[in-house]
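Engineer: okay, sequence plus prediction incoming.
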Amino acid sequence: MDNPDHGHQPVLLSATLDILNIEVSATIVDCTTGRGGHAMAIGEKLGPSGTLICIDTDDRNLHYAKERLASVACQRRFFHANFSQIKDILQAAHVDKVDGILADLGVSTNQITTGDYGLSFSTASPLDMRLDRRGQSTAAQLVNRMAEKDLADLLFRNADERYSRRIARAIVEARKAKPIETTSELAQIVRSAVKGPSRDAIDSATRTFQALRMEVNQELPALEALLSAVEAISQPAMKLAVISFHSGEDRIVKQAMRRWQNAGLGEMLTKKPITPTDAETYANPRSRSAKLRGFVFQKENRPMSVTPP
């Protein structure tokens with residue numbers, strides 16, 4: 001295994017651990033285990049009687065995390081699945097009590113920097129973007145098949161892309177000559193359509209790639225399904241920590257937590273989202289847009305039902 005610190009630096013780690021407030025015998029679910037950064041820190045706080053449930057949609061990163069976490073003392077279970085399936089996963093693991101749940105909605109650095117995923121426009125890679133290789137639709141299929149209006153709406157909805165119509169028009173024109181097959185092709189089309197520096201100094205293609213990745217992996221519907229499942233399995237003192245990187249994600253999380261609080265299910269632990277310090281942003285520039293929200297449930301919504309072993 002390569003350097004365990006390579007590939008993903010956990011964002012807002014200290015604040016996340018504060019929200020989860022882990023006891024040695026707790027059961028914690030890491031819904032987005034990735035390369036195991038947060039999971040390692042959680043596992044070190046759990047004793048031999050504690051349990052760490054690790055979920056990730058990317059089997060490559062999950063395998064890496066499994067090797068990395070071999071040294072922690074707690075009990076560990078690994079599931080290659082989307083976190084929207086958390087209820088089924090807990091049933092399969094015969095878990096009837098959860099003390100804390102973490103969901104870090106960001107992608108791992110290795111997923112961006114390696115060409116296998118098709119998320120980076122720095123090299124000419126196949127335009128894939130699937131984090132789960134079992135997924136059906138690729139980004140290439142989206143850009144080559146979607147109607148211009150639908151594509152423009154997608155870019156605006158998933159990435160707040162102000163030039164969404166201009167970019168969609170350019171994509172449709174380009175694919176008339178030949179299918180768009182690589183990340184570098186798409187990036188150049190977007191840059192040519194925008195013409196000029198981005199409004200916030202990031203590459204002009206960044207938002208288009210973000211929007212397509214979110215659509216390929218159905219990230220917003222999966223988040224809504226996760227929050228619905230969390231509400232369904234809620235128990236007294238169960239804590240939830242969610243780190244989002246996009247205004248649409250943060251809005252969904254905030255609205256769900258406010259709804260739970262208004263319904264008397266528990267209390268928001270963060271009146272405003274926790275954001276990285278200047279020092280953390282300097283050390284890890286990818287953390288700059290991170291927002292952490294926490295919630296603690298104070299009453300049971302309905303009992304968890306588990307399949308007997």
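Structural biologist: Looks like it came in fine. Numbering: from 1, shown residues only.
Engineer: show me the shaky parts of the stretch 101-250 of the chain.
Structural biologist: The model of the stretch 101-250 of the chain has pLDDT under 70 over residues 196-201.
Engineer: could you pull out the strands for it?
Structural biologist: For the stretch 101-250 of the chain, the strands defined by DSSP state E, counting those that start in this stretch occupy 239-244.
Engineer: chain neighbours aside, what residue packs nearest to Ala152?
Structural biologist: Among residues not flanking Ala152 along the chain, Ala168 sits closest, at 3.8 Å (Cβ to Cβ, 6 or more residues apart in numbering). Quick note: C-beta positions are derived from backbone N, CA and C, even for glycine.
Engineer: show me the contact partners of the biggest helix by length in the chain.
Structural biologist: Secondary structure of the chain per DSSP state H: the longest helix is helix 247-262. Here helix 247-262 makes contact (Cβ atoms under 8 Å, 6 or more residues apart in numbering) with 105, 157-158, 160, 219-220, 223-224, 227, 231, 234, 240, 242, 244, 266-268, 273, 291, 293, 295, 297.
Engineer: please redo it, this time with the cut-off set to 6 Å
Structural biologist: Leu105, Leu223, Leu227, Val242, Ser244, Gly266, Met268, Lys291, Arg293, Phe295 (Cβ atoms under 6 Å, 6 or more residues apart in numbering).
Engineer: what's the ChimeraX line that selects buried ones from the residues you listed?
Structural biologist: Buried residues within those, by 16 or more other Cβ atoms under 10 Å, are selected in ChimeraX with:
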select :105,223,227,242,244,266,291,293,295
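Engineer: turn the contacts of helix 247-262 into a markdown table, including distance to Ser125.
Structural biologist: Below are the contacts of helix 247-262 laid out as a markdown table (distance: Cβ to Cβ, whole Å):
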| residue | distance to Ser125 |
| --- | --- |
| Leu105 | 23 |
| Leu223 | 26 |
| Leu227 | 32 |
| Val242 | 30 |
| Ser244 | 26 |
| Gly266 | 43 |
| Met268 | 41 |
| Lys291 | 29 |
| Arg293 | 33 |
| Phe295 | 38 |
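Engineer: greatest separation within the contacts of helix 247-262: which pair is it?
Structural biologist: Across the contacts of helix 247-262, no pair lies farther apart than Leu105 and Gly266, at 20.8 Å, counting by Cβ to Cβ.
Engineer: can you pull the phi/psi pair for Gln85?
Structural biologist: phi -90, psi 20 (degrees, to the nearest 10).
Engineer: and the closest residue to Leu46 other than its chain neighbours, what are its phi and psi?
Structural biologist: Using Cβ to Cβ, 6+ apart and skipping the chain neighbours, the partner closest in space to Leu46 is Cys74 (3.7 Å). Torsion angles at Cys74 (phi, psi; degrees, to the nearest 10) stand at phi -70, psi 170.
Engineer: ok, now Gly100?
Structural biologist: Here is the backbone geometry of Gly100 (degrees, to the nearest 10): phi -160, psi 150.
Engineer: test my guess that it contacts Asp30.
Structural biologist: No: between Gly100 and Asp30 there is no contact under Cβ atoms under 6 Å: 9.3 Å.
Engineer: state the distance from the nearest residue to Ala139 once chain neighbours are set aside to Ser204.
Structural biologist: Closest residue to Ala139 apart from its sequence neighbours, by Cβ to Cβ, 6+ apart: Met129 at 4.0 Å. Per Cβ to Cβ, to the nearest Å, Met129 is found 18 Å from Ser204.
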